[in-house]
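Show me how the following folds:
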Amino acid sequence: MRHDEQGVTHVIEYTLALTLFILLLQSFTTTMEFRLGIDLDSQDQRYPAVRVVLGELIGSAGNASGIEAWEALEWGTGETQLRNGTTVGLLASDGVLSAAKCQALAKFPYSGLREELGVSDGLAIEVRTLSPDARILFWGGDLDSASISVTEERLLLLRTAEGDEVPAKLRVSLFEAPFKSDTLYLTEIMYAPTSGSEWVELYNPGDTAVLLHGWKLSDLAEDDLIIGDATVQFSIPARTAAIIAASPSIFSSDYPSVSYVFGVEDSALGDGLGDGGDSLTLSHGALSYTKSWEATTDGADGDGNSLTRDCPPCDGWTATTATPGAV
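Numbers count the residues shown, from 1 in each chain. Okay, here's the model as predicted:
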């Protein structure tokens, strides 16, 4: 009789364990189906969204503050700006794709253009000519890191800078990918000018503009925020160099051909860069890069040269003829 009771107990325990296993399996399966449903819903939503973005890009010549030639404007500077309701149309007035407007997308920061176009996903915009196959424009996030993507494209005529009209393909992609982080390189330091203002050069190697809000330059004694001239937002366009000068007005007078010139909050880089030696750090949040120098070994001490990085990501620096704004 005792043996039968033990057998019944084992059956009950087995039944309870099996029931618990089935419930856990059902819960896991339901969760996965729900997650898969979310992913499928998100993907389904990308198809109409990518068509909306493409439609805005090729639906008109665009405008900013009523100005159709918006490609001549800058993001976040001056009275007319590439923000606050800009229509980002890429066509010329006769309906041909404008190469100038395509290139002007380099002025938009990543978050800025996505907001203008109503996009929360990753975004990439590419223009290529068909014959020869050549990239005219790439703006946006890293498609190689995308886990899910949707692409739409259109064949159009593109008017080149020379005035020729050639067949081209405009491609727009929405995708799911890691957050795109901005990068700037410190590429040239004029710490002991023979005259004029101390300055440094920053280079943006990316495919979108970088907002300078929150970026700092620091020497051994003091930190300085980079600032613009009476602007709320200011930026360095894609694949472009900019100058941060102790006196932007003096620098611009000495080098009028340099387009992007900004200052710091107290009119001195740090507390003034040391001629005999110092250390300069470019930083933003967790990003930081430091260059130190000694005039006796590194040069550029009042001889008209600047300390110039051998290439944007390189570790080597050389004292050579100053070339502000040209990397």
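
contacts, neighbours, all on C-alpha from now
Fine.

Please compute how far stretch 46-53 lies from its chain's middle.
22 Å (C-alpha atoms, centre = their mean, to the nearest Å).

An error on my part: the question was meant for stretch 285-295.
Distance, centroid of stretch 285-295 to centroid of chain: 22 Å (C-alpha atoms, centre = their mean).

what does stretch 292-310 give?
Its chain's average C-alpha position is 30 Å from that of stretch 292-310, according to C-alpha atoms, centre = their mean.

Can you give me the buried ones in that stretch?
By neighbour count on 16 or more other C-alpha atoms under 10 Å, the buried set for stretch 292-310 is W293, A295, D298, G299, A300, D301, G302, N305, S306, L307, T308, R309.

What's the end-to-end length of it?
Distance across stretch 292-310, first residue to last, is 15 Å (C-alpha to C-alpha, to the nearest Å).

Name the surrounding residues that touch it.
The contact list for stretch 292-310, computed with C-alpha atoms under 8 Å, 6 or more residues apart in numbering, reads 186-194, 275-280, 315-322.

any idea of the mean pLDDT in that stretch?
Mean per-residue pLDDT for stretch 292-310: 90.

Tell me where the stretch 101-250 of the chain has helices.
In the stretch 101-250 of the chain, the segments counted as helices under DSSP state H, counting those that start in this stretch are 110-116, 248-254.

Check these for me: which has the lowest mean pLDDT.
Looking at these, the bottom one is helix 110-116 with a mean of 90.

contact partners of that helix?
R83, N84, G85, T86, T87, S120, L123, G140, G141, T208, A209, V210.

if you set the cut-off to 7 Å instead, what comes out?
For helix 110-116, the external contacting residues (C-alpha atoms under 7 Å, 6 or more residues apart in numbering) are G85, T86, S120, G140, T208, A209.

can you redo the helices of the stretch 101-250 of the chain as a markdown table with mean neighbour count?
Shown next, in a markdown table, are the helices of the stretch 101-250 of the chain (neighbours: other C-alpha atoms under 10 Å):
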| stretch | mean neighbour count |
| --- | --- |
| helix 110-116 | 19 |
| helix 248-254 | 17 |
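
Quick one: residues contacting the residue lying closest to P237 once chain neighbours are set aside.
Residue nearest to P237 in three dimensions, not counting chain neighbours: A209, with 4.0 Å by C-alpha to C-alpha, 6 or more residues apart in numbering. A209 is in contact with A106, K107, F108, P109, Y110, S235, I236, P237, A238, counting by C-alpha under 7 Å, 6+ apart.

quick revisit: can you tell me which of the contacts of helix 110-116 has the most neighbours?
Neighbour counts for those (other C-alpha atoms under 10 Å) peak at A209, which has 29 neighbours.

What does the pLDDT read for it?
Confidence score, pLDDT, at A209: 95.

For it, list each beta-bridge partner.
The bridge-partner assignment for A209, based on DSSP bridges, gives P109.

returning to that earlier point: could I get the contacts of A209 in CSV, plus columns for distance to V50?
As requested, those are arranged in CSV below (distance: C-alpha to C-alpha, whole Å):
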residue, distance to V50
A106, 20
K107, 21
F108, 19
P109, 19
Y110, 16
S235, 26
I236, 27
P237, 24
A238, 23
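
of the residues you listed, closest to V52?
Y110 (18.0 Å; C-alpha to C-alpha).

and the gap between the closest one and F179?
Taking C-alpha to C-alpha, one finds Y110 at 10 Å from F179.

try S147
On the measure of C-alpha to C-alpha, S147 and F179 end up 12 Å apart.

And for S283?
Where F179 is concerned, S283 sits at a distance of 19 Å (C-alpha to C-alpha).

ditto for V50
From V50 over to F179 the distance is 19 Å, taken as C-alpha to C-alpha.

Compare these two (neighbour count), which wins?
A direct count of neighbours by other C-alpha under 10 Å for V50 and F179 places V50 higher, at 21 against 10.

check contacts around the more buried one.
E152, V172, S173, L174.

Helix, strand, or coil at it?
Using DSSP: H, G, I helix; E, B strand; the rest coil, the structure places V50 in helix.

Retrieve the pLDDT associated with it.
Taking V50 on its own, its pLDDT is 93.

got it, and A230?
pLDDT recorded at A230 is 54.

What of the one 10 residues further on?
Reading off the per-residue confidence, T240 sits at a pLDDT of 95.

burial count for D133?
If you count neighbours by other C-alpha under 10 Å, D133 ends up with 10.

Against P167, how distant is it?
According to C-alpha to C-alpha, D133 stands 10 Å off from P167.

Next: L174.
Per C-alpha to C-alpha, L174 is found 24 Å from P167.

residues of stretch 126-135 that come out buried?
E126, V127, R128, T129.

Mind putting these into a markdown table with distance to I226 and pLDDT?
Below are the buried residues of stretch 126-135 laid out as a markdown table (distance: C-alpha to C-alpha, whole Å; pLDDT from 0 to 100):
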| residue | distance to I226 | pLDDT |
| --- | --- | --- |
| E126 | 31 | 96 |
| V127 | 33 | 96 |
| R128 | 36 | 95 |
| T129 | 39 | 95 |
